[in-house]
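Asker: Sequence below, structure please.
(one chain, ligands or ions: 1)
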Amino acid sequence: MILLKKNNNFQTLNAWNVGLRLSDPKLRRKTRQIFIGRVPVGGGAPIAVQSMTKTDTRDVSSTVDQILLLQKAGCEIVRVAVPDRKAAEKLGEIKKRIGIPLVADIHFDYRLALEAIEQGVDGLRLNPGNISHKDHITRVAKAAQERRIPIRIGVNAGSLEKTILRKYGHPSADALVESALSHVRLLEDQGFDLIKISLKASDPLSTISAYQKISRLTDYPLHIGITEAGPPFSGGIKSAVGLGILLYQGIGDTIRVSLTGDPTMEVKAAYHILGALGLRHRGAEIISCPLCGRSEINLEPVVREVEKRLADWTVPIHVAIMGCCVNGPGEAREADVGIAAGKGVALLFRKGEIIRKVKEKEMIPALIEEAEAIRKIMKKENSCAIPKRSSKPIKRTRQTLKPLAIN
Ligand code: SF4
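Answerer: The predicted model follows:
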């Protein structure tokens, strides 16, 4: 029996099976809640977005600069690699200069974990099975417990234990799950349960299967991601497929999209995945048509420019940019602000109503001006929820997209 949370009430779905589609991705698998700094993970909390720096952690300035950019992009938890003692000793200085929780990513060396805890990190990523002496695991678990610092057990298909690889032949979903549970037991044996788990493979199908399996076996919160997904375009798609399926099934308490390139792209991609599922919204969502033989205007530069101008917005706003009168007015009406463009002219919509006709060269400033007005209202209302569409009935007008006589 698995419990799912809906509208702050836990709902029991006896026949729930993670292999079956759920009708509402807002139904989440019930997990325990931990805190990474002030950010709750699991237990019905919003799915936290995280990323990892790509700088040398020993270089404090570059690392802090990158974290501040991630923070601005909406990253809520950041992880840094801690390859040696020098890097570990810089963690306190980095933490002092940033505004989001800091997680230290450590492999093999328990002394780095102890130093990271001493430096005041908010979380550790550490696989205790990779620490050779039981005493050392005890020391790390005790120090983390004293400061209530959670540990993420992060199993990765590329670094599975030899014994498990021998047993399964390759890093299958079962192999990932067995590895993760063996690490979990090592911490539980120390009385430590501030645990989060990830099981990542670079292909979505193995990753999905592994998370589905472990979600039936434990209620620790799950950090989901497709590891080494690739460059932004293909890696973003791979992540959207893998993570989208898991999230749709109610699995996943925090998300990291792993891309080769600018880490702020990871954060943007994560919000797009969450936004597409209606789980969280941040910033502008642009609905734009692909254009076809009916369009009488080249909208591509318009979309690019609007996207650029709204890139730093944090309020959730839907902006439609459409290329003709077939689907254009319908989509533009449904958005918070939209245009349906014809030859040399566009209809400008705001909250379902036509505001006015604008000439082609006025499209971008007019759209931004209307979006800005909505943003001001949203900010005033201190809205961070899903934007409300106009409750007024849609006002139909006789205006059409016939070109204006532009003199
Ligand atoms: S909205 Fe119009 S121009 Fe755009 S793809 Fe659809 S039919 Fe073509």
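
Asker: So the residue in the stretch 1-150 of the chain positioned nearest to the ligand, which state does it fall into?
Answerer: As assessed by CB to the nearest ligand atom, the ligand sits closest to Pro25 within the stretch 1-150 of the chain, at 27.5 Å. Every C-beta, even on glycine, is put in place using the N, C-alpha and C of the backbone. At Pro25, secondary structure determined by DSSP: H, G, I helix; E, B strand; the rest coil is coil.

Asker: So it sits against Gly275, correct?
Answerer: No: in this structure, Pro25 is not within contact of Gly275 by CB atoms under 8 Å, at 11.5 Å.

Asker: more neighbours, those two?
Answerer: Pro25 (20 against 17; other CB atoms under 10 Å).

Asker: List phi and psi for Glu228.
Answerer: For Glu228, the backbone dihedrals (degrees, to the nearest 10) come out as phi 40, psi 50.

Asker: next one: Ile286
Answerer: phi -100, psi 120.

Asker: which residues does it bridge with?
Answerer: With DSSP bridges applied, Ile286 shows beta-bridge pairing to Val319.

Asker: Contact partners for it?
Answerer: By CB atoms under 8 Å, 6 or more residues apart in numbering, the contact set of Ile286 is Val303, Val306, Glu307, Leu310, Val319, Ala320, Ile321.

Asker: can you pull the pLDDT of Ile131?
Answerer: Per-residue confidence (pLDDT) for Ile131: 86.

Asker: do the same with the one 10 residues further on
Answerer: According to the predicted model, the pLDDT of Ala141 comes to 96.

Asker: Excluding covalently adjacent residues, which one is nearest to it?
Answerer: Spatially, and ignoring its direct neighbours in sequence, Ala141 is nearest to Gln190 (3.7 Å; CB to CB, 6 or more residues apart in numbering).

Asker: now that neighbour: how far from the ligand?
Answerer: Gln190 sits 59 Å away from the ligand, going by CB to the nearest ligand atom, to the nearest Å.

Asker: That residue - that's part of a helix, no?
Answerer: No: Gln190 sits outside any helix when classified using three-state DSSP, being coil.

Asker: Just give me the neighbour total for it.
Answerer: When counting by other CB under 10 Å, one arrives at 18 neighbours for Gln190.

Asker: Who are the contact partners of it?
Answerer: Residues near Gln190 by CB under 8 Å, 6+ apart: Ile137, Thr138, Ala141, Lys142, Gln145.

Asker: What helix or strand is the second one located in?
Answerer: Thr138 belongs to helix 134-146 when assigned by DSSP states H and E.

Asker: Show me the helices in the stretch 151-300 of the chain, by range?
Answerer: 162-168, 173-188, 204-215, 232-248, 263-276, 300-310 (DSSP state H, counting those that start in this stretch).

Asker: and these as JSON lines, adding mean pLDDT?
Answerer: Formatted as JSON lines, the helices of the stretch 151-300 of the chain follow (pLDDT from 0 to 100):
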{"stretch": "helix 162-168", "mean pLDDT": "92"}
{"stretch": "helix 173-188", "mean pLDDT": "95"}
{"stretch": "helix 204-215", "mean pLDDT": "95"}
{"stretch": "helix 232-248", "mean pLDDT": "95"}
{"stretch": "helix 263-276", "mean pLDDT": "96"}
{"stretch": "helix 300-310", "mean pLDDT": "95"}
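
Asker: Excluding chain neighbours, what is closest to Ile117?
Answerer: Ala143 (4.7 Å).

Asker: what do you get for Leu186?
Answerer: Of all residues not flanking Leu186 in the chain, Pro128 sits nearest, at 4.2 Å (CB to CB, 6+ apart).

Asker: Low-confidence stretches in the stretch 51-200 of the chain?
Answerer: Low-confidence regions of the stretch 51-200 of the chain, defined here as pLDDT under 70, do not occur.

Asker: go with 90
Answerer: In the predicted model, the stretch 51-200 of the chain carries pLDDT under 90 at residues 129-132, 156-162, 200.

Asker: mind listing what's buried in the helix holding Thr138?
Answerer: His136, Ile137, Thr138, Arg139, Val140, Ala141, Ala143, Ala144, Gln145 (16 or more other CB atoms under 10 Å).

Asker: so what does it touch, helix or strand wise?
Answerer: Counting contacts by 3 or more CB pairs under 8 Å, 6 or more residues apart in numbering; DSSP states H and E, helix 134-146 is packed against helix 110-118, strand 151-156, helix 173-188.

Asker: Nearest to Gly328, out of the ones you listed?
Answerer: Shortest distance between Gly328 and these, using CB to CB, is found for helix 173-188: 44.8 Å.

Asker: What is the closest one packed up against?
Answerer: The elements that helix 173-188 packs onto, with contact taken as 3+ CB pairs under 8 Å, 6+ apart, are helix 134-146, strand 151-156, helix 162-168, strand 195-200, helix 204-215.

Asker: closest one to Phe349 among these?
Answerer: Minimum separation from Phe349 across the helices and strands packed on helix 173-188 (CB to CB) falls at helix 204-215, 37.1 Å.

Asker: quick one: stretch 281-295 to chain centroid distance?
Answerer: Per CA atoms, centre = their mean, to the nearest Å, the displacement of stretch 281-295 from the mean C-alpha position of its chain is 21 Å.

Asker: same question, stretch 327-346
Answerer: For stretch 327-346, the distance to the chain centre is 29 Å (CA atoms, centre = their mean).

Asker: Equivalent analysis for stretch 226-234, please.
Answerer: For stretch 226-234, the distance to the chain centre is 14 Å (CA atoms, centre = their mean).

Asker: what's the span of it, first residue to last?
Answerer: 12 Å (CA to CA, to the nearest Å).

Asker: can you list the residues that contact it?
Answerer: Against stretch 226-234 from outside (CB under 8 Å, 6+ apart): 156-158, 200-204, 207, 235-236, 238-239, 242-243, 257-262, 265, 269.

Asker: Can you tell me how far the most centrally placed residue in the chain is from the ligand?
Answerer: What sits nearest the mean C-alpha location of the chain, by CA atoms, centre = their mean, is Ala270, with 2.9 Å. Taking CB to the nearest ligand atom as the measure, Ala270 and the ligand are separated by 28 Å.

Asker: ok so, going back, which among the contacts of Ile286 count as buried?
Answerer: When burial is judged by neighbour count using 16+ other CB under 10 Å, the buried members of those are Val303, Val306, Leu310, Val319, Ala320, Ile321.

Asker: can you pull the contacts of the third one?
Answerer: By that I understand Leu310. Counted by CB under 8 Å, 6+ apart, Leu310 has contacts Gly283, Ala284, Ile286, Ile317, Val319, Ile368, Ala371.
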